[in-house]
Structure formats: C-alpha cells, structure tokens
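>>> model this:
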Amino acid sequence: MAKIVKKSPIPLYGAAAVWLLWAVFLPMYALWHFALVAAASVLVWFGLKKLCPDKVLNLPDPEPQPEPEPEPAGQAPEDPIAAERARALSELRRLDDNIEDEKISAQIVHMEEVTGKIFDIVAQQPAKLPQIRRFLNYYLPTTLKLLNAYDRMGSAGVEGANIDGTMGRIDAMMDKVVQAFDKQLDALFADEALDISTDITVLEQMLAREGLGGMQMGQS
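Got it, this is the predicted structure:
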C-alpha cells in the first residue's frame, strides 16, 4: 500500500486569521505588539493542528503492467513500400489474366515490369522515394482504377453507348499511361546519368591534356 499524507489547511488559515483580526481590532505600532500577535498565531496554529490533524491516505499499489511481447525472431515490421509493390503487381497480373484484349494485355505486362523496377530502385535507394510520390499517389492507383473499370465493363457481356464509349476512351489513353510509367522509371536515373556525364567530360579533358584524346581502343 502506498501512503500519502494530505496536510490540512485549517491551521494555516487560523494563524492568518489571528493576524487579520489583530490588525483590525488591536494596535500594531510597537514591536511587542508584533511579538504578541506572532505568539498568538503560533498557539492557534498548534491548537488547530491537534484538532485538524493531517490525513494519511492509503492507496493501493499500481498493478504491474504486462511487458510487451517481443516480436517473433526473424519477423521484421512490414515495409509499406514492399507491401504496396506486392499489391500493385498482384493487381496488374489479375487484370492481365482477366482482360482479353491483346494490346491492353501487353501494355499491362509492360507496366507490371516497369512498376516492379521502380519499386526495386526505391527499395535500394530510399532517398529517391520523394521522386515517385506522384506515381504512388496518383498515376498508379488511377491506372488500376481505369483498368478495373475496363475489366468490369468488358465482363458485362452487353454493348451500349456508355460501356463502349468508356472502354474506347480507356483504350485510347493507355498509350500515354505506358509512356508516363516509362518516364517515371527513366527519371529515377537522372542523378546517375548526370554523374556519369560529368565523369565522362572530366575523363575526356584529362585524356586530351595527356595527348591521348585521339587514341583508338587497341592502340598502344
């Protein structure tokens, strides 16, 4: 049991009241007046202390909190990027299996390959994650939404202005979507391409200064 002492404020209030009443009704202009009121306040404080003693509260000890269970050995928290990669590729494979149009099916296969490479690059170089935010948050989910609509409408088994018109617009849009996926993958190599270009320029300049700029491979 934990014990907590709760002090009563009444003795303090009583001692303060002695000073207040003395100041109102009795003189306080000599030193001995202050001595008397101080003594009186002390007596009142001790008297009220006996009449209103401090309270001791017995509180139950807090229940011990269970320790968190350790994660099973070898099981790491799921990587959200890896989870999104698996979900997106699985959905693209399913759509490829469902959609019979050969052109769109081939485009889906290509986008699946490109998407996997994009995720692989970011997994190896997490600093590139901000470069694919728009791809993750808009291009990829919107593409999956369009393809799912194409799949549902194609499976309806009927023709109509709404179905045919929507499927036609999606079909016409897919070439641009594939290009957007390719550009996203290409953009991830921009820094590397710049570094290599710089290295090539420096190497050419050094070879030129050494008089080796015109040498052909295999010459000694």
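>>> Can you classify residue 212 by secondary structure?
Three-state call for residue 212 (DSSP: H, G, I helix; E, B strand; the rest coil): coil.
>>> Just the pLDDT at it, thanks.
At residue 212, the model reports a pLDDT of 77.
>>> Number of residues surrounding it?
11 (other Cβ atoms under 10 Å). C-beta here means a position set from N, CA and C on the backbone, and glycine is covered the same way.
>>> low pLDDT regions in this structure?
1-6, 22, 28, 45, 54, 56-63, 65, 68-78, 213-220 (pLDDT under 70).
>>> Strands of that one, residue ranges please.
Assigned by DSSP state E, the chain shows strands spanning 2-6, 55-59.
>>> longest helix in the protein, by residue count?
Secondary structure of the chain per DSSP state H: the longest helix is helix 161-187.
>>> Check which residues of that one are buried.
The neighbour-count check on helix 161-187 (16 or more other Cβ atoms under 10 Å) flags 163, 167, 170, 174, 177-178, 180-181, 184-185 as buried.
>>> now that helix, how far from the centre of its chain.
Its chain's C-alpha centre and that of helix 161-187 lie 31 Å apart, by Cα atoms, centre = their mean, to the nearest Å.
>>> so what does it touch, helix or strand wise?
Judged by 3 or more Cβ pairs under 8 Å, 6 or more residues apart in numbering; DSSP states H and E, the packing partners of helix 161-187 are helix 102-124, helix 140-154.
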